[in-house]
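Asker: following is a predicted model, sequence given first.
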Amino acid sequence: MSAVVSMDEWRTARRQASVPMPASEGPLRLTLRGRVVLTALVLGLMALVVLWGGKAFASGPGEPREVTVHAVQAGETLWQHAAALAGGDRDVRDVVDELMALNGLSSASLEVGQQLLLPVGEG
């Protein structure tokens, strides 16, 4: 037995069958691939932080140094004292920085009569 269906009935039935479902407003659901990608991103960022992140270590007081107190004379510079202490083995700029830190100086300028702490060993 065969049934005869008109085109109008067929279109109406087809339209009703293909009505899209409204999107749910629920939480975001990740697929397996999405979870893998997200996990890889998080692990990659953590690896960057570990590899290139700054390493901060608390340092205790440094090794005690024997120093002499020197009264600055006219024409003396911190650079001259640093060059004598460096002795060709070290960069004079580094020694200037160390002398500034040792004496609590904010600049390398010296004044006549200023008391300067110098590590023992200066010539």
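Answerer: Sure thing, it's come through. Residues are numbered from 1 along each chain as shown.
Asker: the longest helix in the protein is where?
Answerer: What stands out as the longest helix in the chain, according to DSSP state H, is helix 32-52.
Asker: gap between the next helix or strand after that one and the chain center?
Answerer: Of the helices and strands lying after helix 32-52 in sequence (DSSP states H and E), the nearest is strand 67-71. Centroid separation between strand 67-71 and its chain, computed with C-alpha atoms, centre = their mean, to the nearest Å, is 39 Å.
Asker: contact partners of strand 67-71?
Answerer: Here strand 67-71 makes contact (C-beta atoms under 8 Å, 6 or more residues apart in numbering) with His81, Leu102, Gly113, Gln114, Gln115, Leu116, Leu117, Leu118, Pro119, Val120, Glu122. C-beta coordinates here come from the backbone N, C-alpha and C atoms, glycine included.
Asker: do that again at 7 Å, thanks
Answerer: Defining contact as C-beta atoms under 7 Å, 6 or more residues apart in numbering, one finds that strand 67-71 is touched by Gly113, Gln115, Leu116, Leu117, Leu118, Pro119, Val120.
Asker: could those be laid out in CSV, adding distance to Val92?
Answerer: Putting these into CSV (distance: C-beta to C-beta, whole Å) gives the following:
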residue, distance to Val92
Gly113, 24
Gln115, 22
Leu116, 16
Leu117, 18
Leu118, 14
Pro119, 14
Val120, 19
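Asker: now, which of those residues lie within helices?
Answerer: Counting by DSSP H, the contacts of strand 67-71 place none of their members in helices.
Asker: of the residues you listed, select the buried ones using a PyMOL command.
Answerer: Here the buried members of the contacts of strand 67-71 are turned into a PyMOL selection, burial being counted by 16 or more other C-beta atoms under 10 Å:
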select buried, resi 116+118
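Asker: residue ranges in this structure under the pLDDT threshold?
Answerer: The model of the chain has pLDDT under 70 over residues 1-2, 5, 10, 13-25, 54-60, 121-123.
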